[in-house]
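Participant: need a 3D model of the following:
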Amino acid sequence: MTGDTSERTEAADDCSVADPTAYAAQHGIEVGAATLDHEDLNYCERDVAGLAVVGVTDADGRALAAIEPDEGHAMPLNEPVADDEDWATVAREGVEGVTGAEPSLTGVERVREVTHRVDGEPVGTTYHVVFGARLAGDAIPDGFCDTNPWELRWLDAVPTWQDAGIAADDIALFIERTPEP
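Facilitator: Numbers count the residues shown, from 1 in each chain. Predicted coordinates:
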C-alpha cells in the first residue's frame, strides 16, 4: 500500500460531488494517489466508483472510527459509491445509517485515486472522497453497530495497533494528535 497526503478543505454541507476529479479541479484540490494490493479479484471496491470516506469529529477533537475487533483494524466511516450516485449524498446517508444521527458535512478534505492490484498487476481504479463531518448533538454512544460486526469508537489518537496506510492517514487527519512512536 502506498498513501498520499493531498488534502484541502473546500466545501460546505450543501456540496455535491458527482465526479471526484472534476470537483477537485474546480476547487483546487490536488488528487492524491494510493495503491491497494488484494489477494484476489473479490475486493470490496471492485464494482463501485469508490468510497465516500467520512471523518466524523466531536467537540473534543476526537474522530469516530469503525473498528473490526477480531482483526484490530480501524477506519473512518465509509460507504461505497456507485457510478451514478452523488458522493456527498452517499456520505451523509451512510453516516446517518450507521449512527442514527444526521451529519453536517464540513468539507472535502481529500480526493484520492486508488489503483487496485492483484499479484502486483493493476486490476481497477476507484476514487476516495474524504469528507469532514459533525453530528447533530455532537455525540453518539460507542458500541457495536446494529447492522454489522464493526464497533464504533471515538478515538483521540490513531491506535498503536493500527496498520499504517490510508485508513490510519485518514483517521490522523481528523484527530488533534497521533500516538508516540
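Participant: make it CA atoms for all contacts and neighbour counts henceforth
Facilitator: OK.
Participant: I'd like the next helix or strand past the lowest-mean-pLDDT helix or strand in the chain.
Facilitator: Least confident helix or strand, the chain: strand 143-144 with a mean of 60, by mean pLDDT, DSSP states H and E. Downstream of strand 143-144, the first helix or strand assigned by DSSP states H and E is strand 151-155.
Participant: how far does that next one sit from the chain's center?
Facilitator: Per Cα atoms, centre = their mean, to the nearest Å, the displacement of strand 151-155 from the mean C-alpha position of its chain is 14 Å.
Participant: and after it, which helix or strand comes next?
Facilitator: With elements assigned by DSSP H and E, the helix or strand that comes after strand 151-155 is helix 166-173.
Participant: what helices and strands are in contact with that next one?
Facilitator: If you count contacts as 3 or more Cα pairs under 8 Å, 6 or more residues apart in numbering; DSSP states H and E, helix 166-173 packs onto strand 73-81.
Participant: so what are the sheet partners of the strand it packs on and their directions?
Facilitator: Strand pairing for strand 73-81, determined by DSSP bridges: strand 50-57 (antiparallel), strand 63-68 (antiparallel).
Participant: for those strands, which has the smallest mean pLDDT value?
Facilitator: With a mean of 90, strand 63-68 has the lowest mean pLDDT of the strands paired with strand 73-81.
Participant: what sits up against that strand?
Facilitator: 55-57, 73-77, 149-156, 171, 174-175 (Cα atoms under 8 Å, 6 or more residues apart in numbering).
Participant: now with 6 Å, please.
Facilitator: Here strand 63-68 makes contact (Cα atoms under 6 Å, 6 or more residues apart in numbering) with 56-57, 73-76, 150-155, 174-175.
Participant: try stretch 75-90
Facilitator: Residues contacting stretch 75-90 (Cα under 6 Å, 6+ apart): 16-18, 48-55, 65-66, 94, 167.
Participant: which among those residues gets closest to His27?
Facilitator: Checking the contacts of stretch 75-90 against His27 with Cα to Cα, the nearest one is Val17 at 11.1 Å.
Participant: show me what contacts the closest one?
Facilitator: Here Val17 is in contact with Asp86, Trp87, Ala88 (criterion: Cα under 6 Å, 6+ apart).
Participant: now neighbour count too, for those, in CSV please.
Facilitator: Output for those, formatted as CSV (neighbours: other Cα atoms under 10 Å):
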residue, neighbour count
Asp86, 17
Trp87, 29
Ala88, 25
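Participant: adding pLDDT, distance to Arg134 and secondary structure, write those out as TSV.
Facilitator: Listed next are these as TSV, based on pLDDT from 0 to 100; distance: Cα to Cα, whole Å; DSSP: H, G, I helix; E, B strand; the rest coil:
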residue	pLDDT	distance to Arg134	secondary structure
Asp86	97	19	coil
Trp87	97	17	helix
Ala88	96	14	helix
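Participant: thanks a lot, catch you later.
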